[in-house]
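Asker: Dropping the sequence and predicted coords here.
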Amino acid sequence: MTIDPSDIKRICRDNGLRLTAPRKIIVETLLEATDHPDAVELHRRVTTISPRIALSTVYRTLVALSEKGVLEKHNFGNGPARFETVDREHHDHLIDVVSGNVIEFRSGEIERLQEEIARQHGYEIVSHKLEIYVRPAKRRRSKISAARHRRQSAK
């Protein structure tokens, strides 16, 4: 299912939610997101469009739309909950534990293996999500550490 911005009114109506101007801006901003923003980041984005939208309005909208199945709420590790619309094609996530970046990926091979494992145990998959927590490889980590050291030394 792909959600088009013109569907926002129908989505709210179908889910028993009144379409307010702030809610419309919040949903449109989420539809445009290519990442998984948390409430604070989403608030920062929507206030560039409409400065009077309160953080509490963003939180209430996220909760309401998550409860109605319009948004998917993710809890990646110890950080704040992040959100994305459910209209996206199935994908899995790599979560960088150093930077907090979330990378979406698809793998037919992983999907096939999951089906095979479930079948071997006498099950069929109803739903699943795969979150892989990663950090930069040692070589890259040493470059990152060196860059941080140079920045701190320059101060």
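Answerer: Looks like it came in fine. Everything numeric in this text was worked out from a predicted model, so none of it was measured.

Asker: Other residues contacting stretch 39-58?
Answerer: 21-23, 25-26, 29-30, 33, 37, 59, 62, 80-81, 83 (CB atoms under 8 Å, 6 or more residues apart in numbering). C-beta coordinates here come from the backbone N, C-alpha and C atoms, glycine included.

Asker: how about 6 Å then?
Answerer: Here stretch 39-58 makes contact (CB atoms under 6 Å, 6 or more residues apart in numbering) with 22, 25-26, 29, 59, 62.

Asker: Turn the residues you listed into TSV, columns for distance to Ile95, pLDDT and neighbour count.
Answerer: Shown next, in TSV, are those (distance: CB to CB, whole Å; pLDDT from 0 to 100; neighbours: other CB atoms under 10 Å):
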residue	distance to Ile95	pLDDT	neighbour count
Pro22	30	90	18
Ile25	28	91	20
Ile26	24	90	26
Thr29	22	90	19
Tyr59	22	92	15
Leu62	19	90	23
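
Asker: Among those, which ones are in helices?
Answerer: Within the contacts of stretch 39-58, residues falling in helices by DSSP state H are 22, 25-26, 29, 59, 62.

Asker: what's the closest of the residues you listed to Ala118?
Answerer: Closest to Ala118 out of the ones in helices among the contacts of stretch 39-58 is Leu62 (31.8 Å), distances taken as CB to CB.

Asker: Would you map the strands across this structure?
Answerer: Along the chain, counting by DSSP state E, strands occupy 71-74, 82-85, 92-96, 102-105, 131-134.

Asker: And the pLDDT at the residue nearest the centre of the chain?
Answerer: Nearest to the mean C-alpha position of the chain, by CA atoms, centre = their mean, lies His36 at 2.7 Å. Reported pLDDT at His36 in the predicted model: 85.

Asker: Please apply the same query to Ile11.
Answerer: Looking at Ile11, its pLDDT reads 73.

Asker: same check, this time on Ile144
Answerer: The predicted local confidence for Ile144 is 60.

Asker: what does Arg139 give?
Answerer: For Arg139, the pLDDT comes out at 66.

Asker: what's the answer for Gln120, then?
Answerer: pLDDT, Gln120: 96.
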